[in-house]
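A.B. asks: The following block contains a protein sequence and its predicted model.
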Amino acid sequence: MVVGYAENYIIQGFNVLKPEQSVSVMRAFDLESEVFIEEITTDVFEEVLFNLEALEETETAITSSRRLEQGYLKKNLFGKRIIGSCACCKKEYPVSYLITAHIKKRAFCQPHEKRDLNVVMPMCRLGCDELFEKGYISVLDGLFVDMLKTPNSVELQNFINEVSGNTCEYYKEETQSYFEWHYDHHQ
Ligand SMILES: [Zn+2]
């Protein structure tokens, strides 16, 4: 496709873009569609496939390592129990419905914090984990609080009202800094 030509430039043909250029142009102009077909040489196609295969291998390795990490943290939270309770709504659910949720977002954790078994707490998949993850609720001085985040709706607010004011039994000396991080991060 043709990109970045001067006003007096006479179009005589296609300037074929490198794949990474094409991707940025397609993003910028939202050209990704069934109709738009990129001019790609067989060589570039081969190169792209080669790169993708390498990336997919790395991705698989990361995914399975993450699963093991999660499994370790989860085992520490629940042991051999098959039913557990959500740290926020206090309701009991099968362990498969409870997320081993990072209080301080994992991506922001220092290496020693990732190793700290206190960095996680159980949060149900039926709403609490999602609200905490998105910062609609947080914990302040040991209590779940409404962060007054928008957009909101009556139904969502009803859910938040139900859990606001609940005590968080995972709030303690060892976890205080993680909860403070979460509250500040979503302020
Ligand atoms: Zn819950």
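C.D. replies: Alright, I've got the coordinates.

A.B. asks: which SS class is Met123?
C.D. replies: strand (DSSP: H, G, I helix; E, B strand; the rest coil).

A.B. asks: Show me the beta-bridge partners of it.
C.D. replies: Beta bridges link Met123 to Ile99 when assigned by DSSP bridges.

A.B. asks: Contact partners for it?
C.D. replies: Cys86, Ala87, Cys88, Leu98, Ile99, Ala101, Asp129, Phe132 (C-beta atoms under 8 Å, 6 or more residues apart in numbering). The way it works is simple: take the backbone N, C-alpha and C, and place the C-beta from them, glycine included.

A.B. asks: In terms of pLDDT, where does it sit?
C.D. replies: For Met123, the pLDDT comes out at 98.

A.B. asks: repeat for Ile37
C.D. replies: Here the pLDDT value assigned to Ile37 is 73.

A.B. asks: Same question for the one 3 residues further on.
C.D. replies: The predicted structure scores Ile40 at 88 on the pLDDT scale.

A.B. asks: For it, grab the count of nearby residues.
C.D. replies: 16 (other C-beta atoms under 10 Å).

A.B. asks: phi, psi of it?
C.D. replies: Main-chain dihedrals, Ile40, degrees, to the nearest 10: phi -130, psi 130.

A.B. asks: With distance to the ion, secondary structure and pLDDT added, can I get the contacts of Met123 in a markdown table?
C.D. replies: Rendered in a markdown table, the data for those read as follows (distance: C-beta to the ion, whole Å; DSSP: H, G, I helix; E, B strand; the rest coil; pLDDT from 0 to 100):
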| residue | distance to the ion | secondary structure | pLDDT |
| --- | --- | --- | --- |
| Cys86 | 3 | coil | 98 |
| Ala87 | 8 | coil | 98 |
| Cys88 | 5 | coil | 98 |
| Leu98 | 8 | strand | 97 |
| Ile99 | 10 | strand | 96 |
| Ala101 | 10 | strand | 97 |
| Asp129 | 7 | helix | 98 |
| Phe132 | 9 | helix | 98 |
